[in-house]
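Colleague: only geometry, no sequence info:
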């Protein structure tokens with residue numbers, strides 16, 4: 001019906017927005033049907049569309065660390081299950097060594113067949129952060145895990161729906177029969193069903209698109225959308241310069257990155273050689289997370305409105321030595337790699353490119369719970385300043401893009417009180433342009449619970465650039481009911497009693513330029 005040898009600019013814009021719109025529709029279904037506060041209120045989920053080979057085509061603007069890594073999960077399914085994939089199947093995966101980020105982030109993947117049911121034409125996937133997936137602490141974000149098994153239950157391309165039949169007994173069996181079982185399997189199952197429903201919406205909308213425009217046109221424009229993203233990234237690379245940066249984390253581990261621009265090919269090499277080796281802590285970032293962080297940075301350098309997709313990666317050669325903390329080998333613990341180390345990678349890359357001062361550089365992962373309740377949140381802080389703008393106060397930065405739960409919802413669903421939540425004055429680094437301020441969050445407990453904090457930048461301040469000052473480091477501490485105070489490290493597990501307050505002061509962003 002339409003010529004598809006080269007893209008029509010108007011039609012390209014239409015398809016670019018159509019693919020993104022379908023992913024957004026999936027996200028709305030997931031939010032509306034999920035059971036957990038984490039997915040429903042904090043929006044800690046992502047939805048995306050992939051081509052038949054598992055390459056990312058488009059996504060909704062959800063969580064960057066999910067979106068840049070989900071393609072690896074889909075390709076792992078294709079390599080693993082290949083010809084056995086049938087119409088009506090849905091697969092579940094959270095394996096950090098196969099495209100997963102960390103175990104709480106569980107991905108449901110649905111293949112989409114053509115109208116004859118003979119050939120896979122797309123995949124859709126939704127990834128949601130489960131409030132608990134087992135592991136040694138409630139909330140499945142243990143500060144001190146040393147192996148992936150201590151962090152929860154691992155699904156590796158598990159058949160969740162078989163030709164339309166939900167395998168509830170089999171999935172419940174896995175959730176309950178583990179060295180550290182899931183604490184609320186019914187909530188996990190409810191959220192999995194919400195992810196299946198989200199994928200079903202994606203399937204429905206893609207079939208509608210195919211019937212309207214024809215499969216040939218839809219697939220041609222999938223490739224054009226990817227090609228357009230590739231060219232946009234090459235244009236961004238045209239104005240970049242070589243650079244390198246070393247950034248230390250609170251533990252003493254270092255991320256080293258060198259960016260080399262090839263003007264002729266309009267491409268870039270991002271080399272992490274020199275980065276610390278695999279750690280005995282859980283700050284190892286799976287390779288898919290490292291790639292997601294690189295993809296995110298280069299996508300933010302593009303001015304055009306393009307969906308993040310596989311085309312963005314084509315001009316980039318990423319070198320990550322195997323066995324370093326950014327490409328660990330099984331069974332390394334990884335729960336903080338996704339949430340903390342990813343932030344350090346992003347700031348190190350911006351530092352190497354001289355683009356933006358460091359953000360708060362942490363998600364301030366706070367979990368609490370017992371056998372009855374499990375809750376997880378990430379807490380906002382200051383973003384870094386740039387060459388012509390101030391940083392922003394109290395914002396989720398870079399690799400996270402979630403919300404904080406409304407106090408009313410949090411206090412209704414859990415036995416806690418949000419005692420106060422306020423800006424942290426003067427915590428952003430000063431400069432010609434100043435970094436954003438962090439926040440102070442105080443949660444009072446009304447029942448005995450285990451609380452955990454997984455954070456960074458409690459010792460090393462977020463850097464300023466071009467003469468700008470560093471942001472203030474964060475601080476974690478407990479105020480006991482009797483008035484005594486206990487200072488905590490960047491990572492800690494604490495037993496909370498009724499009346500105790502857990503206080504978190506988040507870092508500010510770095511400043512840019514001399515004042």
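Modeller: Cool, the structure landed. Please read these numbers as outputs of a predicted model, since none were measured by experiment.
Colleague: in what helix or strand does residue 398 lie?
Modeller: Residue 398 belongs to no helix or strand when assigned by DSSP states H and E.
Colleague: quick check, residue 126 in a strand?
Modeller: Yes: the assignment for residue 126 is a strand, going by DSSP: H, G, I helix; E, B strand; the rest coil.
Colleague: quick one, grab the pLDDT at it.
Modeller: We have a pLDDT of 96 for residue 126.
Colleague: isn't residue 234 right next to residue 266, touching?
Modeller: Yes: Residue 234 lies in contact with residue 266 (CB atoms under 8 Å); the separation is 4.1 Å. The way it works is simple: take the backbone N, C-alpha and C, and place the C-beta from them, glycine included.
Colleague: mutual contacts of the two, please.
Modeller: Common neighbours of residue 234 and residue 266, using CB atoms under 8 Å, 6 or more residues apart in numbering, are residue 315.
Colleague: wasn't residue 477 part of a helix?
Modeller: No: if the criterion is three-state DSSP, then residue 477 is strand and not within a helix.
Colleague: for residue 375, see how far away it is.
Modeller: Distance, residue 477 to residue 375, by CB to CB, to the nearest Å: 20 Å.
Colleague: for the closest residue to residue 235 other than its chain neighbours, give me its contacts.
Modeller: Among residues not flanking residue 235 along the chain, residue 302 sits closest, at 7.4 Å (CB to CB, 6 or more residues apart in numbering). Residue 302 makes contacts with 229, 232-233, 235-236, 312, as judged by CB under 8 Å, 6+ apart.
Colleague: ok, now residue 457?
Modeller: The contact partners of residue 457, by CB under 8 Å, 6+ apart, come to 250, 360-362, 471, 473-474, 490, 507.
Colleague: dump those residues to JSON lines, plus neighbour count.
Modeller: Shown next, in JSON lines, are those (neighbours: other CB atoms under 10 Å):
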{"residue": "250", "neighbour count": "21"}
{"residue": "360", "neighbour count": "40"}
{"residue": "361", "neighbour count": "31"}
{"residue": "362", "neighbour count": "30"}
{"residue": "471", "neighbour count": "37"}
{"residue": "473", "neighbour count": "22"}
{"residue": "474", "neighbour count": "31"}
{"residue": "490", "neighbour count": "25"}
{"residue": "507", "neighbour count": "36"}
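Colleague: need those residues in JSON lines (columns: secondary structure and pLDDT).
Modeller: Below are these laid out as JSON lines (DSSP: H, G, I helix; E, B strand; the rest coil; pLDDT from 0 to 100):
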{"residue": "250", "secondary structure": "coil", "pLDDT": "98"}
{"residue": "360", "secondary structure": "coil", "pLDDT": "98"}
{"residue": "361", "secondary structure": "coil", "pLDDT": "97"}
{"residue": "362", "secondary structure": "coil", "pLDDT": "97"}
{"residue": "471", "secondary structure": "coil", "pLDDT": "98"}
{"residue": "473", "secondary structure": "coil", "pLDDT": "98"}
{"residue": "474", "secondary structure": "coil", "pLDDT": "98"}
{"residue": "490", "secondary structure": "coil", "pLDDT": "97"}
{"residue": "507", "secondary structure": "coil", "pLDDT": "98"}
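Colleague: got CSV for those, with distance to residue 86 too?
Modeller: Putting the contacts of residue 457 into CSV (distance: CB to CB, whole Å) gives the following:
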residue, distance to residue 86
250, 48
360, 46
361, 45
362, 43
471, 52
473, 53
474, 49
490, 47
507, 49
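Colleague: state the pair within those that is farthest apart.
Modeller: 471 and 490 (15.3 Å; CB to CB).
Colleague: distance check, the residue nearest to residue 235 against residue 21.
Modeller: Distance from residue 302 to residue 21, by CB to CB: 20 Å.
Colleague: which stretches in the chain count as helices?
Modeller: Taking DSSP state H as the criterion, the chain contains helices spanning 9-33, 37-40, 64-67, 70-81, 168-176, 185-213, 215-238, 287-300, 335-336, 342-353, 407-413.
Colleague: rank those by pLDDT, which is bottom?
Modeller: Here the helices of the chain differ in mean pLDDT, and the lowest is helix 64-67 at a mean of 73.
Colleague: buried stuff in that helix?
Modeller: For helix 64-67, a neighbour-count test (16 or more other CB atoms under 10 Å) marks 64-67 as buried.
Colleague: and the residue nearest to residue 121 when sequence neighbours are not counted, how far from residue 122?
Modeller: Leaving aside its sequence neighbours, residue 121 sits nearest to residue 114 (CB to CB, 6+ apart; 5.1 Å). Distance of residue 114 to residue 122, computed by CB to CB: 10 Å.
Colleague: out of the two, which sits in the busier spot?
Modeller: Using other CB atoms under 10 Å as the criterion, residue 114 and residue 122 rank with residue 122 on top: 26 against 15.
Colleague: so what's the more buried one bridging to?
Modeller: Residues in a beta bridge with residue 122, per DSSP bridges, are residue 51, residue 112.
Colleague: contacts only, for the residue nearest to the spatial centre of the chain.
Modeller: Taking CA atoms, centre = their mean, the centroid of the chain lies closest to residue 65, which sits 2.9 Å from it. Each residue near residue 65 by CB under 8 Å, 6+ apart is listed here: 101, 289, 292-293, 296, 338-339, 342, 399-400.
Colleague: now with 6 Å, please.
Modeller: The contact partners of residue 65, by CB atoms under 6 Å, 6 or more residues apart in numbering, come to 101, 292, 338, 342, 399.
Colleague: residue 323 contacts residue 275, correct?
Modeller: No: under the criterion of CB atoms under 6 Å, residue 323 makes no contact with residue 275, lying 10.5 Å away.
Colleague: quick one, which of these two is more surrounded?
Modeller: Remark: of residue 323 and residue 275, residue 275 carries more neighbours, 24 against 12, as counted by other CB under 10 Å.
Colleague: any idea of the pLDDT on the more buried one?
Modeller: Residue 275 carries a pLDDT value of 98.
Colleague: and it, how far is that from residue 494?
Modeller: 31 Å.
Colleague: same thing with residue 84?
Modeller: For residue 84, the distance to residue 494 equals 47 Å [CB to CB].
Colleague: neighbour-wise, which of the two wins?
Modeller: Neighbour totals were compared for residue 84 and residue 494, and residue 494 leads with 17 against 8 (other CB under 10 Å).
Colleague: OK, contacts around the closest residue to the more buried one other than its chain neighbours?
Modeller: Nearest in space to residue 494, with sequence neighbours left out and distances taken as CB to CB, 6+ apart, is residue 451 at 5.2 Å. Neighbour list for residue 451: 368, 494, 496, 502 [criterion: CB under 6 Å, 6+ apart].
Colleague: per-residue confidence for residue 451?
Modeller: As predicted, residue 451 sits at a pLDDT of 97.
Colleague: look up how far residue 407 lies from it.
Modeller: From residue 451 across to residue 407, the span is 17 Å (CB to CB).
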